[in-house]
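Q: kindly generate the corresponding structure for this input.
(one chain, ligands or ions: 1)
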Amino acid sequence: MAEPTPPIFERTVPRVLMCAPTYFEVSYVINPWMTGHVHDTTSERSQRQWDALRETIARHADVVVQPPTEGLPDMTFAANAGLVFGNCFVPSRFRYAQRQGEEAHDKAFFVQHGFDIVELPEDVFFEGAGDALFDRGTGRRLWMGHGHRSDLAAAAELAKRLDIEVFPLKLADPRFYHLDTCFCPLADGYTLYFPAAFDAASLALIERHVPPGLRITVQEHDAVEFACNAVNLGRVVILNRASPGLRSRLEAAGFMLIEVALDEYMKSGGAAKCLTLRLDESASS
Ligand code: ARG
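A: Here you go, the predicted model:
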């Protein structure tokens, strides 16, 4: 049966979770970006950049702010809390001890907000929406990065538990250790990605499922500026920085780019997308 057309005055606003950066700093090294940056951030600058991101997102979405926890400096990277699908929340199981303390806080937050908790087996590492990204076109196809943080075994577990199709993508470059650092599904099936971050079989899988006209590949100079770590809300794409070439390709595809400087977070290996988690991810989004 055809979906009824919503009245034109009805607007569905995306919902985005962000976790305040009160305790953010680089205090250990668990990815190559953090090397040389321990105690190299300031709370003024990181708060200012996060506020700018929150204000920009709030013009296009409802922002929910999660309270942070002292002693968990990476908790501000909300994407890693877990994976949201409809009313289900799959909590992360972090690979590194430094982040495992976040798990209980995130789970409690989602329980408190009425989500059903769907647990993965205890021995499977999975870093949430940092490594698991729904296709914006179909809404039931999940791309899952593995090889650095999440285990390949998480793919089959997610497929079974959520009744979705999961396409595992093997990450090959340690700088792009989470899928959301090098791959970004956009509206209408467009896909922004850095090909060199994937092994050959994964690249072939992307090319099999994303038609050539919808592939927006980025070059290394954009990839290292976290251009793929973008927040897509409708036709708006919010990211740290894009070269003029990438900007014109995105604009030609009908997207409007907004740059928000997030260099303080790049010292920790994250940028716009890592700092957010979509709360309204569902079979129809
Ligand atoms: N320092 C954090 C880590 O290494 C950064 C996480 C970035 N998050 C993301 N979704 N890519 O875990």
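Q: let me see the contact set for the closest residue to Q66 other than its chain neighbours.
A: Leaving out its chain neighbours, the residue that sits closest to Q66 by Cβ to Cβ, 6 or more residues apart in numbering is C19, at 4.2 Å. Backbone N, C-alpha and C define where each C-beta goes, glycine included. Counting by Cβ atoms under 8 Å, 6 or more residues apart in numbering, C19 touches V65, Q66, P67, P68, M75, T76, F77, A78, A81, L275.
Q: which phi and psi does the first one have?
A: This means V65. phi -110, psi 120 (degrees, to the nearest 10).
Q: also the second one?
A: Q66 has phi and psi values of phi -90, psi 140 when expressed as degrees, to the nearest 10.
Q: still on that earlier bit, closest to the ligand out of the contacts of C19?
A: F77 (4.0 Å; Cβ to the nearest ligand atom).
Q: separation between the closest one and L246?
A: F77 sits 23 Å away from L246, going by Cβ to Cβ, to the nearest Å.
Q: again, but for R136
A: 19 Å.
Q: any weak-confidence spans in the stretch 1-150 of the chain?
A: 1-11, 137-139 (pLDDT under 70).
Q: helices along that one, start to end?
A: Assigned by DSSP state H, counting those that start in this stretch, the helices in the stretch 1-150 of the chain fall at 43-58, 97-100, 102-112.
Q: reformat these as CSV; add mean neighbour count and distance to the ligand.
A: Shown next, in CSV, are those (neighbours: other Cβ atoms under 10 Å; distance: least, Cβ to the nearest ligand atom, whole Å):
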stretch, mean neighbour count, distance to the ligand
helix 43-58, 16, 12
helix 97-100, 14, 6
helix 102-112, 16, 10
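Q: select, out of those helices, the one closest to I258.
A: Closest approach to I258 among those (Cβ to Cβ): helix 43-58, 5.7 Å.
Q: which strands or helices does that closest one pack on?
A: strand 15-19, strand 62-66, strand 236-239, helix 263-266 (3 or more Cβ pairs under 8 Å, 6 or more residues apart in numbering; DSSP states H and E).
Q: got the angle for it vs strand 62-66?
A: Going by axes from the mean of the first three to the mean of the last three Cα atoms, to 10 degrees, helix 43-58 is angled at 150 degrees with respect to strand 62-66.
Q: re the thing from before, nearest to A261, out of the helices of the stretch 1-150 of the chain?
A: helix 43-58 (6.1 Å).
Q: chain center to that closest one: distance?
A: Its chain's average C-alpha position is 17 Å from that of helix 43-58, according to Cα atoms, centre = their mean, to the nearest Å.
Q: now, which of the contacts of C19 sits nearest E103?
A: Closest to E103, out of all of the contacts of C19 and judged by Cβ to Cβ, is A81, at 8.7 Å.
Q: which residues does F183 bridge with?
A: Judged by DSSP bridges, the bridge partners of F183 are Y193.
Q: wait, it sits on D135?
A: No - using Cβ atoms under 8 Å as the test, F183 is too far from D135 to be in contact (11.0 Å).
Q: so the two - more neighbours on which side?
A: Using other Cβ atoms under 10 Å, the more surrounded residue of F183 and D135 is F183, with 25 against 20.
Q: wait, what's in contact with the more buried one?
A: Contacts of F183 by Cβ under 8 Å, 6+ apart are L133, W143, G145, L169, T191, L192, Y193, F194, A197, I206, C228.
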